[in-house]
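Peer 1: Below are the sequence and a predicted model; questions follow.
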Amino acid sequence: MRTSHNLLNTVKEIPADAVVISHQLMLRAGLIRKLAAGLYTWLPLGLRVLRKVEKITREEMEKVGGLEVLMPALQPAELWQETGRWEKYGPELARLKDRHDRDFCLGPTHEEIITDLARNELKSYKQLPIIYYQIQTKFRDEIRPRFGVMRSREFIMKDAYSFHLDQASLQDTYDAMHEAYTTIFNRFGLKFRAVVADSGSIGGAISHEFHVLADSGEDAIAFSSASTYAANIEKAEALMPTGERPSAIHALTLIDTPQQHSIEELSAFLSIAPKQCLKTLIVKGEQDGSVVALLLRGDHELNTIKAEKIAGVASPLTFANDGEVMRACQCKPGSIGPVGLAITIIADRSVLLMSDFVCGANQDGQHYQNVNWGRDLPVPLHTEDLRTVVTGDPSPDGQGSLTIARGIEVGHIFQLGSKYSGAMKAGIVNEAGKYQTMLMGCYGIGVSRVVAAAIEQNHDERGIIWPTALAPFQVALCPMNMHKSDRLKDSAEQLYHTLLAAGIEVLFDDRKVRAGFMFADMELIGIPHCIIMGDRGLDANTVEYKARTSKEAIDIPLTDIVRFLQ
Ligand code: ATP
Ligand code: MG
Ligand code: MG
Ligand code: MG
């Protein structure tokens, strides 16, 4: 593909409402554009990445014997009434009426629809086990859509559903799916953990979540230091004996509502706060390890921000650096926008924690950078430190102590048992000729969320660094000042066609732009390999090669470059 075909939609500005890095980079690199809250258009470059996620997912679903189907997004209320979820699901379920005044919803998930299909299509035990799957648009009216496609209202999910005669068969398929998920996330090239999970509104007894590890993750996951125990935080907490809730886990719940808490609780919270909170947490370190915090006082009055010392707060913290604070604050004069977490110290030294800290610029158009904060931070942002904290709290399985890390939930598998098949009378005739309710499993992957999660885990100050399997193109071909040299133009065209013929996905930057501009774009959009061609190199029959992950370019003979890339 050629850049002159208007493929690129890169922009320099960081959009004001984009708080996490993946959201910023997806907008800047021109992968997505916002239509309305939680609704995004995928642009051509972004769609290529989304399709890669889908392709790998589809291939692994086929390997475990999944049969692909495609179910409607619009679902009749009657099916949801059969399972009782029409009443129970709450406001995340987008309900609507058709012109005949009949109730429908936009599917947030498809258990009812697939169970209806199964009870009509499956008659005999001989047809079991069976796995159906689809890659399809879901709609959830999230209370706070945010972080771009990470938590959007309309998103793409791969959802699979299995039907079984007995528990042993369900367990077999569940295990095979667990393994397939491991293969899928490995093929994506992402660092992830599978953890024991609660099954939430989907229901069922046994469930696991798959989390991409990233500081900005909305979820906390807990590992034992001495065993294979790994659970999401709710599950770890639920398993703790009453009265022994680990302090760190308890602290995590503080974010939900404005409440007063002690300095010690704040300290526990800070130690595991997600990075997007820290950006506006306004905390900075001192040489002696104590903490100075810039605190929001009064009524979100931006002009009254003051520095104040909190004695006694231990400092297992990372710190927002200047650039990040400023970026987070790029709003129009006088405007404010939600960013993260606010803290107010009240006179008696207790702490008020509020979610949705507002930040912005004052009426004069002064951004936060004009307030003297974050200027002389002695400590740069150490994301590594935040990744895991040893809490000292005992692991619920009694072995070792808990370590907490942040994760992004990208997959979730459930053993549903007879929850839906029982309520909807989905049964088959068994070997003994008797009617029997089927057992079910269901298995989700947040296809569009994976794209954002991959960026959260793989980026630098210059842009996205795609894992090879997800990159929209493998190679960027960048001839410098090609429009001034016919020889260079011919060689570049020739190499472009050779690369295509070798089956390499190549993006040919044939725009009439400065070399620096070209490289910045290719780095921003995260192409793993870059070939730089110039007249001087051609004199020596070489091209330059630069990996996205390295700062240095190396010379490669023109005749070897295709072999080098393969
Ligand atoms: P979360 O806890 O993040 O709200 P969930 O537990 O409600 O997710 P599931 O019902 O388990 O989600 O759905 C399967 C997968 O769909 C999730 O693991 C996640 O990757 C993805 N997903 C869920 N909600 C969203 C959303 N609003 N935007 C993008 N992806 C989502
Ligand atoms: Mg949810
Ligand atoms: Mg969840
Ligand atoms: Mg889930």
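Peer 2: Perfect, I can see it now. Predicted model, so just to flag it, every value in this text is computed and none were measured. Numbers count the residues shown, from 1 in each chain. Ligands and ions are numbered 1, 2, ... in the order given.
Peer 1: Apart from its neighbours in sequence, what residue is nearest the residue of the stretch 101-250 of the chain found nearest ligand 1?
Peer 2: Closest approach between the stretch 101-250 of the chain and ligand 1, counting by Cβ to the nearest ligand atom: residue 155, at 3.7 Å. From N, CA and C alone the C-beta is placed, and that goes for glycine too. Nearest non-adjacent residue to residue 155, counting by Cβ to Cβ, 6 or more residues apart in numbering: residue 448, 4.6 Å away.
Peer 1: Confirm that that neighbour sits in a helix.
Peer 2: Yes: counting by DSSP: H, G, I helix; E, B strand; the rest coil, residue 448 falls inside a helix.
Peer 1: For it, grab the count of nearby residues.
Peer 2: A total of 26 residues lie near residue 448 under the criterion other Cβ atoms under 10 Å.
Peer 1: And the strands in the stretch 101-250 of the chain?
Peer 2: 103-106, 130-139, 154-164, 192-196, 206-213, 219-224, 230-232 (DSSP state E, counting those that start in this stretch).
Peer 1: what about the residue nearest the centre of the chain, which SS state?
Peer 2: Compute the mean C-alpha point of the chain, and by Cα atoms, centre = their mean the closest residue is residue 453, 3.0 Å away. The local conformation at residue 453, judged by three-state DSSP, is helix.
Peer 1: Correct me if wrong: it contacts residue 215.
Peer 2: No: applying Cβ atoms under 8 Å, one finds residue 453 not in contact with residue 215, separated by 11.9 Å.
Peer 1: Excluding chain neighbours, what is closest to residue 455?
Peer 2: In space, and not counting its chain neighbours, residue 455 is closest to residue 22: 3.8 Å by Cβ to Cβ, 6+ apart.
Peer 1: which residues does the one you found contact?
Peer 2: Residue 22 is in contact with 147-148, 150, 216, 452-453, 455-456, 459, counting by Cβ atoms under 8 Å, 6 or more residues apart in numbering.
Peer 1: could you pick out which of the residues you listed are near ligand 1?
Peer 2: Filtering the contacts of residue 22 for proximity to ligand 1 by Cβ under 6 Å from any ligand atom leaves nothing.
Peer 1: returning to what we had before: how many neighbours does the residue of the stretch 101-250 of the chain closest to ligand 1 have?
Peer 2: 22.
Peer 1: now swap in residue 436 and tell me
Peer 2: 16.
Peer 1: Assign it to helix, strand or coil.
Peer 2: What three-state DSSP gives for residue 436 is strand.
Peer 1: Mind listing the residues bridging to it?
Peer 2: Counting by DSSP bridges, residue 436 is bridged to residue 428.
Peer 1: Just to check, it is in contact with residue 163?
Peer 2: No: using Cβ under 8 Å, residue 436 makes no contact with residue 163, being 11.4 Å away.
Peer 1: Pull the contacting residues for residue 40.
Peer 2: Per Cβ under 8 Å, 6+ apart, neighbours of residue 40: 32-34, 148-149, 152, 154.
Peer 1: so which of the residues you listed comes closest to residue 59?
Peer 2: Taking Cβ to Cβ as the measure, residue 149 is the one of these closest to residue 59, at 22.2 Å.
Peer 1: ok, and the closest non-adjacent residue to that closest one?
Peer 2: Among residues not flanking residue 149 along the chain, residue 448 sits closest, at 4.6 Å (Cβ to Cβ, 6+ apart).
Peer 1: Helices of the stretch 401-550 of the chain, start to end?
Peer 2: All helices of the stretch 401-550 of the chain, identified by DSSP state H, counting those that start in this stretch, fall at 419-423, 447-457, 486-501, 515-524, 535-539.
Peer 1: Output those in a markdown table, with mean pLDDT appended to each entry.
Peer 2: Formatted as a markdown table, the helices of the stretch 401-550 of the chain follow (pLDDT from 0 to 100):
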| stretch | mean pLDDT |
| --- | --- |
| helix 419-423 | 97 |
| helix 447-457 | 98 |
| helix 486-501 | 97 |
| helix 515-524 | 96 |
| helix 535-539 | 95 |
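Peer 1: So which of those is the most surrounded?
Peer 2: Compared across those, helix 447-457 shows the largest average neighbour count, a mean of 27 (mean count of other Cβ atoms under 10 Å).
Peer 1: show me the contacts for the closest residue to residue 559 other than its chain neighbours.
Peer 2: Residue nearest to residue 559 in three dimensions, not counting chain neighbours: residue 541, with 7.3 Å by Cβ to Cβ, 6+ apart. Neighbouring residues of residue 541 by Cβ under 8 Å, 6+ apart: 557-559.
Peer 1: List only buried entries from these.
Peer 2: Listed as buried from the contacts of residue 541 are residue 558; burial here means 16 or more other Cβ atoms under 10 Å.
Peer 1: And the helices in the stretch 1-150 of the chain, which stretches?
Peer 2: Secondary structure of the stretch 1-150 of the chain by DSSP H, counting those that start in this stretch: the helices cover 21-28, 44-63, 77-83, 85-88, 111-121.
Peer 1: which one of those helices lies closest to ligand 1?
Peer 2: The nearest among those, by Cβ to the nearest ligand atom, is helix 111-121 at 10.2 Å.
Peer 1: wait, does the closest one make contact with ligand 1?
Peer 2: No: shown here: helix 111-121 not in contact with ligand 1 (Cβ under 6 Å from any ligand atom), separated by at least 10.2 Å.
Peer 1: returning to that earlier point: let me have the helices of the stretch 401-550 of the chain in JSON lines, adding distance to residue 41 as columns.
Peer 2: What follows is these, written out as JSON lines (distance: least, Cβ to Cβ, whole Å):
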{"stretch": "helix 419-423", "distance to residue 41": "34"}
{"stretch": "helix 447-457", "distance to residue 41": "12"}
{"stretch": "helix 486-501", "distance to residue 41": "28"}
{"stretch": "helix 515-524", "distance to residue 41": "19"}
{"stretch": "helix 535-539", "distance to residue 41": "39"}
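Peer 1: Out of these, which gets nearest to residue 191?
Peer 2: Among the helices of the stretch 401-550 of the chain, helix 447-457 sits nearest to residue 191 (Cβ to Cβ), with 6.2 Å.
Peer 1: Can you get me the start-to-end distance on stretch 97-107?
Peer 2: One end of stretch 97-107 to the other measures 14 Å (Cα to Cα, to the nearest Å).
Peer 1: Please compute how far it lies from its chain's middle.
Peer 2: Taking Cα atoms, centre = their mean, to the nearest Å, the mean C-alpha location of stretch 97-107 is offset from the chain mean by 32 Å.
Peer 1: Poorly predicted segments of this protein, please.
Peer 2: For the chain, the stretches flagged by pLDDT under 70 are 199-204, 236-389, 391-392.
Peer 1: longest single helix anywhere in it?
Peer 2: Using DSSP state H, we find that the single longest helix of the chain is helix 167-188.
Peer 1: Quick one: list the elements packing against that helix.
Peer 2: helix 44-63, strand 154-164, strand 192-196, strand 206-213, strand 401-417, strand 439-446 (3 or more Cβ pairs under 8 Å, 6 or more residues apart in numbering; DSSP states H and E).
Peer 1: make it 10 Å
Peer 2: helix 44-63, strand 130-139, strand 154-164, strand 192-196, strand 206-213, strand 401-417, strand 439-446, helix 447-457 (3 or more Cβ pairs under 10 Å, 6 or more residues apart in numbering; DSSP states H and E).
Peer 1: Much appreciated, bye for now.
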